[in-house]
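# task: produce atomic coordinates for the following.
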Amino acid sequence: MRRLARASGSSDAWRKPGEPFTVSDLNRMPDDGHRCESLDGTLIVSLHPGQLHQRVAVMLCYVLELARPEDLIVVPNMGARIGPRSA
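Now for the predicted structure:
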């Protein structure tokens, strides 16, 4: 999952209660410092990863880069769009 680029200051992304969120909704959410994701239409809001998490991610990428076969690449912060309601 990933944090998608969002329009600054927009508040039109909020759905009515019971309506699923879509990837398009995420793109319209304000950039308020939270990490927003959608899983099967459910909005998941969390804080950005802290310094320890980021350090571990960097070290993991380094170790993977050293061990990878030549036909593969290591990409940090890779997101996945599973469908129109999950990203």
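# can you confirm residue 49 is in a helix?
No: counting by DSSP: H, G, I helix; E, B strand; the rest coil, residue 49 is not part of a helix but coil.
# contacts for the helix or strand containing residue 54, please.
Using DSSP states H and E, residue 54 falls within helix 51-67. With contact meaning CB atoms under 8 Å, 6 or more residues apart in numbering, helix 51-67 is reached by 49, 74, 76. (C-beta placed from N, C-alpha, C; glycine too.)
# which of those residues lies closest to residue 31?
residue 49 (16.3 Å; CB to CB).
# against the centre of the protein, work out the most remote residue.
residue 70 (27.5 Å; CA atoms, centre = their mean).
# next up, phi/psi of that one, please.
Dihedral pair for residue 70: phi -60, psi -20, per degrees, to the nearest 10.
# so what's it up against?
Per CB under 8 Å, 6+ apart, neighbours of residue 70: none.
# could you shift the numbering so residue one becomes 116, and keep it that way?
Sure, I'll start counting at 116 from here, so that last one is residue 185.
# and the strands in this protein?
149-154, 157-162 (DSSP state E).
# returning to what we had before: can I get the helix holding residue 169 in PDB, CA atoms only?
Extracted C-alpha coordinates of helix 166-182, given in PDB (Å, rounded to 0.1, in the frame of the first residue of the first chain):
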ATOM      1  CA  GLN A 166      12.500   7.200  12.000                       C
ATOM      2  CA  LEU A 167      13.200   3.700  13.300                       C
ATOM      3  CA  HIS A 168      10.800   2.200  10.700                       C
ATOM      4  CA  GLN A 169      12.400   4.200   7.900                       C
ATOM      5  CA  ARG A 170      15.900   3.100   9.000                       C
ATOM      6  CA  VAL A 171      14.900  -0.600   9.000                       C
ATOM      7  CA  ALA A 172      13.400  -0.100   5.500                       C
ATOM      8  CA  VAL A 173      16.600   1.400   4.200                       C
ATOM      9  CA  MET A 174      18.700  -1.400   5.700                       C
ATOM     10  CA  LEU A 175      16.400  -4.000   4.200                       C
ATOM     11  CA  CYS A 176      16.600  -2.500   0.800                       C
ATOM     12  CA  TYR A 177      20.400  -2.500   1.100                       C
ATOM     13  CA  VAL A 178      20.500  -6.200   2.000                       C
ATOM     14  CA  LEU A 179      18.000  -7.100  -0.700                       C
ATOM     15  CA  GLU A 180      20.100  -5.200  -3.300                       C
ATOM     16  CA  LEU A 181      23.200  -7.100  -2.400                       C
ATOM     17  CA  ALA A 182      21.400 -10.500  -2.600                       C
END
